[in-house]
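Enquirer: Requesting a structural model of the entry that follows:
(one chain, ligands or ions: 1)
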Amino acid sequence: MGLGNILVGAEERTLVEQVLQSRSLNRYYATDPARPPTMVATLEQEFRAITGARFALAVTSGSAALECALGALGLGPGDEVILPAWSWVACWTSIVHLGATPVLAEIDETLCLDPAEIDRLVSPRTKAVMVIHYQGVAGRMDAILERARHHGLKVLEDCAQAPGVSFGGRRVGTLGDIGIYSLQHNKPVCSGEGGLLVTDDPVLYERAVRMHDIGQYRAPHAAQTPARVPSFSGCQFRMAELTGAVALAQIRRLDHMIAQCRGLHERVATAIAGLPGLRLRELPDPAGIFGYELYYFVPSREIARTFTERLTQANVNCGRRTGTYPHYTFEYCHTGNDHSGRLPAFVQLGEWPAAGYRAVDFPRTEDLSHRFVSIPLGVAYSPDDADYIGATIKRLSRELVG
Ligand SMILES: Cc1ncc(COP(=O)(O)O)c(C=O)c1O
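Expert: Now for the predicted structure:
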């Protein structure tokens with residue numbers, strides 16, 4: 001459908017071949033001391049340049065990046081993290097793994113966190129807000145940062161679905177305290193599995209490095225900023241050089257992909273803007289979107305279902321690119337369990353699912369997440385494809401909602 005995996009080609013092959021020839025498959029160990037491994041380090045360096053972040057760290061997945069970010073922030077038992085109910089499984093599981101408590105919030109018509117939810121949900125235990133920039137669009141970062149700062153909360157930006165996206169001229173991931181990305185197979189830039197983390201804060205960087213490398217802080221990292229904090233028990237989430245090679249080839253195409261997708265999105269959005277009964281997803285910063293998936297809302301879930309069927313019949317792909325569902329629809333949320341059944345996240349809540357973890361507690365998320373139609377776009381699409389999509393939506397909307 002035109003994201004990173006479709007573009008795998010000569011650039012990836014060249015860099016992978018370089019790693020194989022060097023026989024140094026681990027970023028920290030050189031088989032030939034004259035030729036230190038460079039792929040993961042170069043990936044981090046180029047990603048810093050792309051995002052403008054002071055530090056970048058490559059890890060094994062977006063989920064690992066989330067755990068490193070939460071660990072860097074020092075989150076643990078007794079702490080609460082506010083996150084949108086409409087987000088990816090790992091957004092919840094990473095919090096639970098650290099023994100902290102996910103507190104679910106409503107989304108708004110951006111399909112990202114509603115900033116007003118921070119005031120509603122904050123408690124003396126709240127330590128951080130996790131913002132998910134859903135499918136290539138930044139949330140309302142000005143209001144989110146303002147409310148979070150007001151309450152003294154840290155902001156973790158999950159940019160797994162929004163690499164390279166910007167808000168107010170700055171790349172997402174660099175607006176809050178720490179940002180993460182995923183390089184998993186279905187992402188705009190991908191290496192099968194993989195993740196990245198960025199921050200401007202040297203202490204958060206060092207703690208994230210220690211999280212990802214069993215508590216260690218090795219020389220290449222200390223060369224960027226000296227050690228300041230004591231070691232602790234970390235995980236092992238180090239990225240391999242082969243993964244780094246593929247990821248490096250992919251991030252070098254990022255801005256080109258964004259320009260193409262944004263152009264396609266603009267073309268379809270212009271064609272369908274203002275149609276009666278059809279509302280485009282709100283874009284807090286339209287100039288900064290990725291554009292690889294266009295969303296619009298229709299008046300009811302029945303119309304959304306029929307619209308999707310009719311678009312499919314007309315050969316317009318409208319299958320969602322993510323498996324995102326509200327957390328309260330999943331079994332892990334219904335049980336409130338972690339792997340042991342003993343982590344303290346939900347113990348104090350007693351009966352389960354407790355208030356705040358049931359569909360009935362999220363009328364707006366329930367409504368919005370059932371009333372949208374999503375249109376994947378990508379570098380495999382041509383301007384003619386975009387025009388066909390726009391014209392088809394226009395025709396069907398006259399019939400179904402007009
Ligand atoms: C919003 C969000 N966060 C985190 C992740 C986790 O990334 P990964 O699959 O690389 O672990 C994903 C993956 O789909 C995601 O969509």
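
Enquirer: Give me the buried positions along stretch 280-295.
Expert: Across stretch 280-295, burial judged by 16 or more other C-beta atoms under 10 Å covers 280-281, 283-285, 288-295. Where C-beta positions appear, they are placed from N, C-alpha and C, glycine not excepted.

Enquirer: Those residues of this protein touching the ligand, which are they?
Expert: 61-63, 66, 87-88, 90-91, 132, 158, 160-161, 182, 184, 195, 322 (C-beta under 6 Å from any ligand atom).

Enquirer: which one of those is nearest C261?
Expert: Nearest to C261 out of these is Q161 (C-beta to C-beta; 12.7 Å).

Enquirer: Could you list the low-pLDDT ranges of this structure?
Expert: Residue ranges of the chain with pLDDT under 70: 1, 344, 347-348.

Enquirer: May I see the domains of it written out as residue ranges?
Expert: Per the record, the chain has its domains at 4-253, 255-323+363-400, by automatic domain parsing.

Enquirer: Tell me which of the residues of the chain next to the ligand fall in helices.
Expert: Judged by DSSP state H, the subset of those located in helices is 62-63, 66, 90-91.

Enquirer: quick one: which of these is nearest the ligand?
Expert: Checking those against the ligand by C-beta to the nearest ligand atom gives G62 as the nearest, at 2.4 Å.

Enquirer: Quick one: residues contacting the closest one.
Expert: For G62, the contacting residues are 90, 158, 160, 180-184, 187, 195, by C-beta atoms under 8 Å, 6 or more residues apart in numbering.

Enquirer: Include distance to P115 when you put the residues you listed into JSON lines, please.
Expert: Shown next, in JSON lines, are those (distance: C-beta to C-beta, whole Å):
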{"residue": "A90", "distance to P115": "23"}
{"residue": "D158", "distance to P115": "16"}
{"residue": "A160", "distance to P115": "20"}
{"residue": "I180", "distance to P115": "20"}
{"residue": "Y181", "distance to P115": "22"}
{"residue": "S182", "distance to P115": "24"}
{"residue": "L183", "distance to P115": "29"}
{"residue": "Q184", "distance to P115": "28"}
{"residue": "K187", "distance to P115": "26"}
{"residue": "G195", "distance to P115": "26"}
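
Enquirer: Would you state the strands of the stretch 101-250 of the chain in chain order?
Expert: Ranges of strands in the stretch 101-250 of the chain, per DSSP state E, counting those that start in this stretch, are 101-105, 126-132, 154-158, 166-167, 170-171, 178-182, 195-199.

Enquirer: Out of those strands, which gets nearest to T329?
Expert: strand 101-105 (11.6 Å).

Enquirer: what does the closest one contact?
Expert: Outside strand 101-105, the residues that touch it by C-beta under 8 Å, 6+ apart are 79-85, 91-92, 95-96, 113-114, 117-118, 120-121, 123, 125-126, 327-328, 345-346, 356-357, 361-362.

Enquirer: cutoff 7 Å now
Expert: 80-85, 92, 95-96, 113-114, 117, 121, 327, 345-346, 356-357 (C-beta atoms under 7 Å, 6 or more residues apart in numbering).

Enquirer: what about dumping the CA coordinates of that strand to PDB?
Expert: The C-alpha trace of strand 101-105 is given here as PDB (Å, rounded to 0.1, in the frame of the first residue of the first chain):
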ATOM      1  CA  THR A 101      -1.200   2.400  36.200                       C
ATOM      2  CA  PRO A 102      -2.600   3.400  32.800                       C
ATOM      3  CA  VAL A 103      -5.400   6.000  33.100                       C
ATOM      4  CA  LEU A 104      -7.600   6.100  30.000                       C
ATOM      5  CA  ALA A 105      -8.700   9.300  28.400                       C
END
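
Enquirer: any idea how far that strand is from the chain center?
Expert: 17 Å (C-alpha atoms, centre = their mean, to the nearest Å).

Enquirer: Likewise for stretch 7-24?
Expert: 27 Å.

Enquirer: Next, the buried residues of that stretch.
Expert: For stretch 7-24, a neighbour-count test (16+ other C-beta under 10 Å) marks 7-8, 11-12, 15-16, 19, 22, 24 as buried.

Enquirer: same thing with stretch 161-168?
Expert: 161-167.
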